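Student: When you get a sec, could you give me coordinates for this:
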Amino acid sequence: MQRVTIFGREGCGFCVRAKELCESKEFNYRYIDIHREGISKADLEKTVGKPVETVPQIFIGQTHVGGYTEFAKHVEQQGL
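Tutor: Residues are numbered from 1 along each chain as shown. Below is the predicted model:
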């Protein structure tokens, strides 16, 4: 699998779950704390390509998957 990138923030339960899923599956992933990195909502929306209301926002390679629920569903459907 290509590298997983998780845009999240501290105190976000779904962000923690996304990281835990990556670790349990031994995926190569990068976690980016949007507050620590100074990434605004507008910046994130530009990266995602549509309005963003929640984190995490997850990419596999350059492809936006969605939030935790969509990511977990994708992992399950791919049998990863």
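Student: So Arg9 is in contact with Tyr31, correct?
Tutor: No: taking contacts as C-beta atoms under 8 Å, Arg9 lies outside contact range of Tyr31: 10.4 Å. Glycine gets a C-beta too; all of them are placed from N, C-alpha and C.
Student: joint contacts of these two?
Tutor: Cys15 (C-beta atoms under 8 Å, 6 or more residues apart in numbering).
Student: can you tell me how far the residue nearest to the spatial centre of the chain sits from His64?
Tutor: Nearest to the mean C-alpha position of the chain, by C-alpha atoms, centre = their mean, lies Ile58 at 2.4 Å. Using C-beta to C-beta, to the nearest Å, Ile58 is found at 8 Å from His64.
Student: go on, Met1?
Tutor: To His64, Met1 is 15 Å away according to C-beta to C-beta.
Student: Stretch 9-18: end-to-end distance?
Tutor: Terminal residues of stretch 9-18 are spaced 12 Å apart (C-alpha to C-alpha, to the nearest Å).
Student: For Glu23, see how far away Gln62 is.
Tutor: Distance, Gln62 to Glu23, by C-beta to C-beta: 22 Å.
Student: same deal with Thr5?
Tutor: In this view, Thr5 and Glu23 are 15 Å apart by C-beta to C-beta.
Student: Just want to know which of the two has more residues nearby.
Tutor: Neighbour count, other C-beta atoms under 10 Å: between Thr5 and Glu23, Thr5 has more, with 19 against 10.
Student: mind checking which helix or strand the more buried one is in?
Tutor: strand 4-8 (DSSP states H and E).
Student: just checking, what packs against the helix or strand immediately after that strand in the chain?
Tutor: Note on strand 4-8: by DSSP H and E, the next helix or strand toward the C-terminus is helix 13-25. Using 3 or more C-beta pairs under 8 Å, 6 or more residues apart in numbering; DSSP states H and E, the elements in contact with helix 13-25 are strand 4-8, strand 29-33, helix 68-78.
Student: Show me the contact partners of the longest one.
Tutor: For helix 68-78, the external contacting residues (C-beta under 8 Å, 6+ apart) are Val4, Phe14, Cys15, Arg17, Ala18, Leu21, Lys25, Pro56, Ile58, Ile60, Val65.
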